[in-house]
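**Q** fold the following for me, if possible:
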Amino acid sequence: MVERSAIGGPAQARAEPLASRSAGRVWGWALAHPYLAVTALIVVQTVPTLWARELWWLDELRHAAVLSELLDHGHWLALFLNGEFYPDKPAGYFWLLASLSLVTGTQAPWIHFLAVAIGAVMMAAATVWLARIVAPQDRGLALTAAVVLVTGLFFVERMHYPRMDPHFGAFIAWSLGAFFLALSRPRAVGWMVAAFVFSACAVLVKGPIGIVFPLLTAFAWLLWRGRLSRLFGVDVAYGIAVFVAILGLYAFGLYRVQGQAYLQALAGDVGTRAVADGFRLYFHLPHYLFMLAYRWLPWTLLLLVLPWPGLLSALRPARLGAARAAGDGGYAFLVLSVAAPLVVLTFLRYVSMNFLLCFYPALAVLTGRVVLDLVPRRALLFRSLVAGLLLLGVPVLIAVAWRNYYGFFLAGNLVAGLVLAPFALSLWLRRAAEWCRWLPLLALSVAAVSLPHFLLTLPALDIRKSTRPACEAARPYLEAGWKPLVLRPGRWSGVFQYYCGRRIPEIVGWEALLGEIARRDKVVVFMQEGGWAQLAPNPGGFRLIGPQGARFVAVACEGCGR
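**A** Below you'll find the predicted structure:
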């Protein structure tokens, strides 16, 4: 009988070097404590970067302004942005931001980065839990799935992008796990209620998709198993009742504090999108599949080493029929949790890559299963491809340090390239090692290379990306009584409120702006650099007060209305 290693592969029969044995002991500890291990990986990558850069993506700036409105004006249920209704998102994510702000006593940018780091930990924990549900006896799958998640390049980037998407994906994953546990049994009131509670939390974080994805997956899985009657169980009724009660209480609170106006604005925002989607046919599946393949790197490279003839033969009707009743259907549930919602997304007008994070926990578990089931020859080929890709990234990072879109030297890229070089080389030299030796090295490599990017490269772009330089340049004028205005950049309102520390009237279009200026003597206008580029050849009394070459600028105008 062949002895098996901790993750299912043949154990090493010969004596191993001390470093290899140490890696094995670390992996063994991580197998016993997967939640702690993956949390440590995320903490190492996020905590050092909490104070690194300013807020500069438009949603970051808007969410920071919404938080200020919530704390300064008590808008805990009905959200406001720049003094107006903000029905784009429910309040759940902002409750987390407000809690962190109240505990720490600050609304500084690092609060938002801490919140998204918490979301990353939540999603990693949900991934481990899903793996333990579908394979309770396979300890290696849970840890491997967690490593797959935290080494995905898109997930690493989203760990540092202050939005609610990781929290949203975590609640959906928890809901999926609870639905699977409940639907696998004749009746399970506790798990069914938990599934709907998690879905309600997802809805409160981002919106109706939080219930659509889990319910669609549950329906598709029961249809696959031939058990649709399970949806009419009394425990499902209990779950629906709890779900309706939670969201009904939230809606009642909105009505009490803002009356029908906010509910109508919320219904109008959602309803307009639904009507637009209902009367048009969209087909975004190729786009989503391409972006998913790109954003799942390096694990997308598995597609190049899979035994496709054998996999395609599994789609024969006879084998599919046998698979329907085989086992508990856990892996089929995860496959459907990716496939069914993806089909829905492809027919919606609104395209957002952030929705892909909803698939990541289930996709990480499925990928982990594929990784552990690879035969040695294919595993060696895959590890060679990943190491080769990272080796290729070394000269690319170094070259981009000098030749880039921004036109100045990016020291962070140079440091990242120099850090990546030894790690990529080590991954190449150890490509024949077992997974329990190679995966920790990959996780450490990704963590080490990400730090220069988020500590050096992105902060260097603050002057080009953030609204803070424009607000700081205009502060002396505002304190002297000049009237601030915003030439609104498209549909993105409220992006100057956070760093300027005040609500600022927004004007859409040049003619309306000039009409407003005509009634005032001293005006500071905030705008995107494109607006100033149009104005600069014929300033007509306007003058740039800063910053030159930034994405957002401030322009002063004295006596332009005369």
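**Q** burial of Arg403, as a residue count?
**A** Look at Arg403: counted by other Cβ atoms under 10 Å, it has 9 neighbours. Quick note: C-beta positions are derived from backbone N, CA and C, even for glycine.
**Q** now it. Its backbone dihedrals?
**A** Arg403 adopts backbone torsions of phi -110, psi 100, taken as degrees, to the nearest 10.
**Q** so Pro341 sits right up against Gly210, yeah?
**A** No - at 11.1 Å, Pro341 does not count as touching Gly210 under the criterion of Cβ atoms under 8 Å.
**Q** compare these two (neighbour count), which wins?
**A** Taking other Cβ under 10 Å, Pro341 and Gly210 do not tie; Gly210 has more neighbours (25 against 22).
**Q** list the helices and strands whichever strand or helix holds the more buried one packs on?
**A** Assigned by DSSP states H and E, Gly210 belongs to helix 209-225. The helices and strands touching helix 209-225, judged by 3 or more Cβ pairs under 8 Å, 6 or more residues apart in numbering; DSSP states H and E, are helix 165-183, helix 189-205, helix 330-346.
**Q** which residues are in contact with it?
**A** Outside of helix 209-225, the residues within contact range by Cβ atoms under 8 Å, 6 or more residues apart in numbering are 168, 171-172, 175-176, 179-180, 183, 195, 198-204, 228, 230-231, 243, 324-325, 329, 332-333, 336-337, 339-341, 344, 355, 358.
**Q** that one: how far from the chain's middle?
**A** Relative to the chain's own centre, helix 209-225 is displaced by 22 Å; criterion: Cα atoms, centre = their mean, to the nearest Å.
**Q** of all the residues in it, which ones are buried?
**A** 209-218, 220-222, 224-225 (16 or more other Cβ atoms under 10 Å).
**Q** do you know how far Ala126 is from Gly330?
**A** The gap separating Ala126 from Gly330 is 15 Å, by Cβ to Cβ, to the nearest Å.
**Q** and the two? Which one has more around it.
**A** Looking at Ala126 and Gly330 with other Cβ under 10 Å, you find the greater number of neighbours at Ala126, namely 26 against 20.
**Q** my guess is the more buried one contacts Ala178. True?
**A** No - the criterion here is Cβ under 8 Å, and Ala126 misses it with Ala178 at 10.8 Å.
**Q** need the overlap of contacts for the two.
**A** Counting by Cβ under 8 Å, 6+ apart, nothing touches both Ala126 and Ala178.
**Q** buried set for stretch 407-427?
**A** For stretch 407-427, the neighbour count (16+ other Cβ under 10 Å) marks 410, 412-417, 419-421, 423-424, 426-427 as buried.
**Q** Leu485: which of those residues is nearest?
**A** Of all the buried residues of stretch 407-427, Leu410 has the smallest distance to Leu485: 34.2 Å, by Cβ to Cβ.
**Q** what are the ranges of the helices in the stretch 301-450 of the chain?
**A** Applying DSSP state H, counting those that start in this stretch to the stretch 301-450 of the chain gives helices spanning 308-313, 317-324, 330-346, 360-373, 376-402, 411-429, 435-452.
**Q** so for the first one, what's the average pLDDT?
**A** Right, the one you point to is helix 308-313. Average pLDDT, helix 308-313: 76.
**Q** which residues of this protein score low on pLDDT?
**A** Across the chain, the ranges flagged by pLDDT under 70 are 1-24, 268-283, 313-328, 349-351, 489-491, 536-540, 560-562.
**Q** just put the helices of the stretch 301-450 of the chain in JSON lines and tack on distance to Leu302.
**A** Below are these laid out as JSON lines (distance: least, Cβ to Cβ, whole Å):
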{"stretch": "helix 308-313", "distance to Leu302": "11"}
{"stretch": "helix 317-324", "distance to Leu302": "21"}
{"stretch": "helix 330-346", "distance to Leu302": "15"}
{"stretch": "helix 360-373", "distance to Leu302": "6"}
{"stretch": "helix 376-402", "distance to Leu302": "6"}
{"stretch": "helix 411-429", "distance to Leu302": "16"}
{"stretch": "helix 435-452", "distance to Leu302": "13"}
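**Q** and the buried ones among the contacts of helix 209-225, selectable in PyMOL?
**A** Buried members of the contacts of helix 209-225, defined by 16+ other Cβ under 10 Å, are picked up in PyMOL with:
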select buried, resi 168+171+172+175+176+179+180+183+195+198+199+200+201+202+203+204+230+243+329+332+333+336+337+340+341+355+358
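**Q** quick one on the thing from earlier: nearest to Ala556, out of the helices of the stretch 301-450 of the chain?
**A** Comparison of the helices of the stretch 301-450 of the chain against Ala556 by Cβ to Cβ identifies helix 411-429 as nearest, at 33.6 Å.
**Q** quick one, which of the helices of the stretch 301-450 of the chain is nearest to Ser99?
**A** Of all the helices of the stretch 301-450 of the chain, helix 360-373 comes closest under Cβ to Cβ, at 24.1 Å.
**Q** and the angle for that closest one with helix 376-402?
**A** Relative orientation of helix 360-373 and helix 376-402, computed by axes from the mean of the first three to the mean of the last three Cα atoms, to 10 degrees: 130 degrees.
**Q** quick check: buried residues in helix 360-373?
**A** Across helix 360-373, burial judged by 16+ other Cβ under 10 Å covers 360-372.
**Q** in TSV: the residues you listed, plus distance to Thr300.
**A** Supplementary listing: the buried residues of helix 360-373 in TSV, determined by distance: Cβ to Cβ, whole Å:
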residue	distance to Thr300
Tyr360	13
Pro361	17
Ala362	16
Leu363	11
Ala364	13
Val365	16
Leu366	13
Thr367	9
Gly368	14
Arg369	16
Val370	12
Val371	13
Leu372	18
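**Q** just the CA trace of the helix holding Gly210, in CSV.
**A** Listed next in CSV are the C-alpha coordinates belonging to helix 209-225 (Å, rounded to 0.1, in the frame of the first residue of the first chain):
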residue,chain,number,x,y,z
ILE,A,209,-28.5,39.9,-6.8
GLY,A,210,-27.7,38.7,-3.2
ILE,A,211,-30.9,36.6,-3.2
VAL,A,212,-31.1,35.9,-7.0
PHE,A,213,-27.8,34.0,-7.2
PRO,A,214,-28.3,31.6,-4.3
LEU,A,215,-31.9,30.9,-5.2
LEU,A,216,-31.1,30.3,-8.8
THR,A,217,-28.3,27.9,-7.8
ALA,A,218,-30.6,26.1,-5.5
PHE,A,219,-33.3,25.8,-8.2
ALA,A,220,-30.8,24.6,-10.8
TRP,A,221,-29.4,22.0,-8.4
LEU,A,222,-32.7,20.6,-7.4
LEU,A,223,-33.8,20.4,-11.0
TRP,A,224,-30.6,18.5,-11.7
ARG,A,225,-31.2,16.1,-8.9
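**Q** which parts of whichever helix or strand comes after it are buried?
**A** Going down the chain from helix 209-225, the next helix or strand is helix 234-258, by DSSP H and E. For helix 234-258, the neighbour count (16+ other Cβ under 10 Å) marks 235-236, 239, 242-243, 246-247, 250, 254, 258 as buried.
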